[in-house]
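Asks: Please work out how this folds:
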Amino acid sequence: KLRHDFNNQLITVYHLAEQGELQQVRALLDGIQTDVAGTSEYNYCGNSVVNAVLDEKAAVCLARGISLKIELDMGEEPAIQPVHLCSIFSNLMDNAIRAADQLPEAERFITVKASRKEDYLHIKVENSALEENKGNSRQRKGYGQEILRDIALCYCGEFLTDWKDGVYRAMLSLTVTQ
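Replies: The predicted structure follows:
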């Protein structure tokens with residue numbers, strides 16, 4: 001979409017330049033520069049997969065009025081397959097967004113933390129959530145959590161969850177040495 005708009009704007013710039021309309025050329029180029037700058041992904045860490053997932057989820061949080069705080073210190077590139085990193089952060093964020101979205105806007109929050117300590121990568125997502133109701137048959141089947149448990153097993157790690165005082169915590173620890 002951006003490329004299509006950019007091509008049309010570029011044709012217009014050439015046309016305006018040929019007509020000597022330099023002030024309009026500058027104004028249009030300034031607008032293009034602003035549009036392109038607004039599309040850059042935010043670097044939360046040194047991993048492009050994690051950055052892309054969190055960039056998308058941050059936009060969802062913004063649209064839904066969910067306060068989002070991200071603190072990542074993952075060190076060097078972890079020895080985790082990109083598809084697994086995508087699944088980890090996508091599932092954690094999707095679950096957190098779904099839970100936080102059930103609360104009044106003023107109470108919605110998500111905190112994402114990841115840190116590397118020695119041979120382990122620790123990832124923790126906390127979010128506002130109503131008390132777990134495991135007896136509710138209308139709840140989702142929990143495939144995201146099954147995926148997270150399976151990924152944890154692949155990396156000799158563990159996946160744990162906890163709910164207390166309106167805060168849901170999902171914690172994943174993975175071995176990152178090969």
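
Asks: tell me which element the residue most central in space within the chain is part of?
Replies: In the chain, the residue lying closest to the centroid (C-alpha atoms, centre = their mean) is residue 54, at 1.5 Å. In the assignment (DSSP states H and E), residue 54 maps to helix 48-64.

Asks: ok so, going back, roughly how far apart are the residue nearest to the centre of the chain and residue 129?
Replies: Using C-beta to C-beta, to the nearest Å, one obtains 20 Å as the distance from residue 54 to residue 129. In this view, the C-beta of every residue, glycine as well, is placed from N, C-alpha and C.

Asks: Then residue 74?
Replies: For residue 74, the distance to residue 129 - C-beta to C-beta - is 25 Å.

Asks: Find the nearest non-adjacent residue to the residue nearest to the centre of the chain, please.
Replies: Among residues not flanking residue 54 along the chain, residue 44 sits closest, at 5.2 Å (C-beta to C-beta, 6 or more residues apart in numbering).

Asks: SS state for the one you found?
Replies: Put simply, residue 44 is coil when judged by DSSP: H, G, I helix; E, B strand; the rest coil.

Asks: Just list the residues touching it, thanks.
Replies: 50-51, 54, 70, 72 (C-beta atoms under 8 Å, 6 or more residues apart in numbering).

Asks: same thing but at 10 Å, please
Replies: 50-55, 58, 70-72, 74, 89, 112, 114 (C-beta atoms under 10 Å, 6 or more residues apart in numbering).

Asks: Residue 176 now?
Replies: Contacts of residue 176 by C-beta under 10 Å, 6+ apart are 74-80, 116-121, 155-157.

Asks: Show the buried residues in those residues.
Replies: Buried members of the contacts of residue 176, scored by 16 or more other C-beta atoms under 10 Å, are 74, 78, 80, 116, 120-121, 155, 157.

Asks: Thanks a lot, see you next time.
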